[in-house]
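Engineer: got a structure for you, letters missing:
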C-alpha cells in the first residue's frame, strides 16, 4: 500500500508583493503534488494567516480536476526539457516574440543549445532525473564537475544561464513549486580586464596617416562614440546627420539587421575627428545612400564587412601608433627575438574600445549620468530609474569635452 497523502498542503511563497500562502493538491494517479494555486492570503498577522489559507484550500478542493491529456511539465526529463526549451518555436521563444516583442536571435538560441549539448547533458548527475528533481545540490555538483573539466568561472556562468533561464520560466509559470537556482550565485570570474587606450594614444591615432579610411572610422566609432561592433556594422548612412549618430541598428550574421543589444537605442554626438573620418569614407564609398551600410563590404555589396575585418583593422590601426600586435608568419612577418604582442598583453580588443569611450568620458569630466546616456548602458536599478538623461543631454557640451580630452 502507498502511504497516506493529505489531499493538499499549504506553503509560503515569496512574490513581488510579499509572502503569500499557496497550495498544492495531491494527484492520486501520478502520486505527486501538483495543480499549484494561490490562496491570495498574505502571510501576516496572528498565526500568519495559515488557518485562513487552510480554509481556502478546502474550498478549492472540489473544483480541482486532474487530467492525463497534458503531462505535468515538472515530470519531463530535465535534459529533454532544456533541449526543447531552446528550440525555435518553443513556447518561451514564441512568448518573447509575440508578447514581449523581444525576439531571441538565432545565435543566442544556438549558443544555449550548444552549451546544453556539450556541457550539461554529459554530467552524470543530470542523467535520468525529471525537472522537479533538480536540486541546488545537483547544480553545485555540476559547477564543480564543469570546473574540473576545465571551464573557467565566466564560462560556467554562461552555460548555467541555459539552465537557470529555462528552470526559472517553469517556476514562474508555477509548473514547478520551487526555484532550485534561487540561492545559487555565480562562479568567480577571473577574466582579464579589458584594456583601454590613453588620451595620448587616441590623439596619436587621429594624427596618424590613414591607409584604410573605413578601418580608421570603425576604431574611432568605438573609442569616441562607444558603438559596439554590431552597431558599427549595422550603421547606415541615414543614421548620421548634424553631428549626431542615431544608434538604432545592430547587425548579427545569423539574423541580419536588428535593434541594438538590450534595446539600447539612442543618440551619440561625434567629434570633429570622427566627422572627418565619416566624410572620407563617404567620399570613397560607391553608393552612400541613406539605407546603405557605412561599413559596406567591397566583396559582398549590400552587406557590412565581416567581423574579421574589424579585428584586423584594429590591429593595423594600433600598429600605426606603435602598439605591436600578433605577427602573421604566413605573410612573411616573423616575430623577432624578444618581440612582445602588446595588443594581447594589454587585452586591447574591439569591444574594449567601448571601455575606452567610457573611461575617456570620465577623464573629460562628463558626469556618470551623461556617460550612461551616451553609452546607452543600464548598469544598476537606481541608474535605470534615471535613464531619461538622453532627453535632456547637452550634446554640444559633451562633444566639446571629448574634443578637449583628446587635444590636450
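Structural biologist: Thanks, I have the structure now. Since the structure is predicted, the reported quantities are computational estimates derived from the model, not experimental observations.

Engineer: name the helices or strands packed onto the strand or helix carrying residue 171?
Structural biologist: Take DSSP states H and E as the rule and residue 171 turns out to sit in helix 153-172. On a contact count with 3 or more C-beta pairs under 8 Å, 6 or more residues apart in numbering; DSSP states H and E, helix 153-172 meets helix 78-85, helix 106-115, helix 136-148. For the C-beta atoms, the positions are set from N, CA and C on the backbone; glycine is no exception.

Engineer: The closest residue to residue 275 other than its chain neighbours: how many residues sit nearby?
Structural biologist: Leaving aside its chain neighbours, residue 275 sits nearest to residue 243 (6.9 Å; criterion: C-beta to C-beta, 6 or more residues apart in numbering). Residues near residue 243, counting by other C-beta atoms under 10 Å, number 14.

Engineer: Please list all residues in contact with residue 243.
Structural biologist: Counting by C-beta atoms under 8 Å, 6 or more residues apart in numbering, residue 243 touches 269, 270, 275, 395, 399.

Engineer: Out of those, which two sit at the greatest distance?
Structural biologist: Across the contacts of residue 243, the longest distance by C-beta to C-beta is 13.2 Å; it joins 275 and 395.

Engineer: which regions of the chain sit below the pLDDT cut-off?
Structural biologist: Low-confidence segments of the chain (pLDDT under 70): 1-4, 35, 46, 66-71, 328-335, 378-394, 408.

Engineer: okay, now the domains of it?
Structural biologist: 8-63, 73-172, 199-328+337-406 (automatic domain parsing).

Engineer: Of the ones you listed, which is nearest residue 184?
Structural biologist: Among these, domain 73-172 sits nearest to residue 184 (C-beta to C-beta), with 5.4 Å.

Engineer: what's the straight distance from one end of the closest one to the other?
Structural biologist: 13 Å (C-alpha to C-alpha, to the nearest Å).

Engineer: wait, residue 249 sits on residue 261?
Structural biologist: No. In this structure, residue 249 is not within contact of residue 261 by C-beta atoms under 8 Å, at 10.9 Å.

Engineer: which one of these two has more residues nearby?
Structural biologist: Shown here are residue 249 and residue 261; by other C-beta under 10 Å, residue 249 has more neighbours (21 against 14).

Engineer: separation between that one and residue 295?
Structural biologist: Distance of residue 249 to residue 295, given as C-beta to C-beta, to the nearest Å: 11 Å.

Engineer: Return every residue with contacts to both of the two.
Structural biologist: Contact criterion C-beta under 8 Å, 6+ apart; residues shared by residue 249 and residue 295: residue 235.

Engineer: Residue 121 - how many residues pack around it?
Structural biologist: For residue 121, using other C-beta under 10 Å, the count is 14.

Engineer: Report the contact partners of it.
Structural biologist: 79, 83.

Engineer: any idea how far it lies from residue 79?
Structural biologist: Residue 121 sits 5 Å away from residue 79, going by C-beta to C-beta.

Engineer: Check residue 204 too.
Structural biologist: From residue 204 across to residue 79, the span is 54 Å (C-beta to C-beta).

Engineer: in the stretch 201-350 of the chain, which spans are helices?
Structural biologist: Here the stretch 201-350 of the chain has its helices, by DSSP state H, counting those that start in this stretch, at 213-225, 229-233, 272-284, 307-320, 342-345.

Engineer: Wait, residue 315 touches residue 323, no?
Structural biologist: No. Distance between residue 315 and residue 323: 9.1 Å, which falls outside the contact criterion (C-beta under 8 Å).

Engineer: hey, what's in contact with both of those two?
Structural biologist: residue 343.

Engineer: So for residue 249 and residue 261, which residues contact both of them?
Structural biologist: With C-beta under 8 Å, 6+ apart, residue 249 and residue 261 have common neighbours residue 231.

Engineer: how long is stretch 110-121 end to end?
Structural biologist: Distance between the two ends of stretch 110-121: 15 Å, counting by C-alpha to C-alpha.

Engineer: Measure how buried residue 346 is and give me the count.
Structural biologist: 17.

Engineer: residues touching it, list them.
Structural biologist: Applying C-beta under 8 Å, 6+ apart, the residues near residue 346 are 195, 323.

Engineer: Same check on residue 169?
Structural biologist: By C-beta under 8 Å, 6+ apart, the contact list for residue 169 reads 85, 92.

Engineer: 10 Å - rerun?
Structural biologist: Counting by C-beta atoms under 10 Å, 6 or more residues apart in numbering, residue 169 touches 73, 85, 90, 91, 92, 95, 175, 176.

Engineer: Please apply the same query to residue 15.
Structural biologist: Contacts of residue 15 by C-beta under 10 Å, 6+ apart are 22, 38, 42.

Engineer: right, and the first one touches residue 37 too?
Structural biologist: Yes. Counting by C-beta atoms under 10 Å, residue 22 touches residue 37, with 6.8 Å between them.

Engineer: Residues that sit against both of those two, list them.
Structural biologist: Contacts common to residue 22 and residue 37, judged by C-beta under 10 Å, 6+ apart, are 57, 174.

Engineer: Give me the more crowded residue out of those two.
Structural biologist: Each of residue 22 and residue 37 had its neighbours counted (other C-beta under 10 Å), and the higher figure belongs to residue 22 (21 against 16).

Engineer: Looks to me like that one is in a helix.
Structural biologist: No. Under DSSP: H, G, I helix; E, B strand; the rest coil, residue 22 falls outside any helix and is assigned strand.
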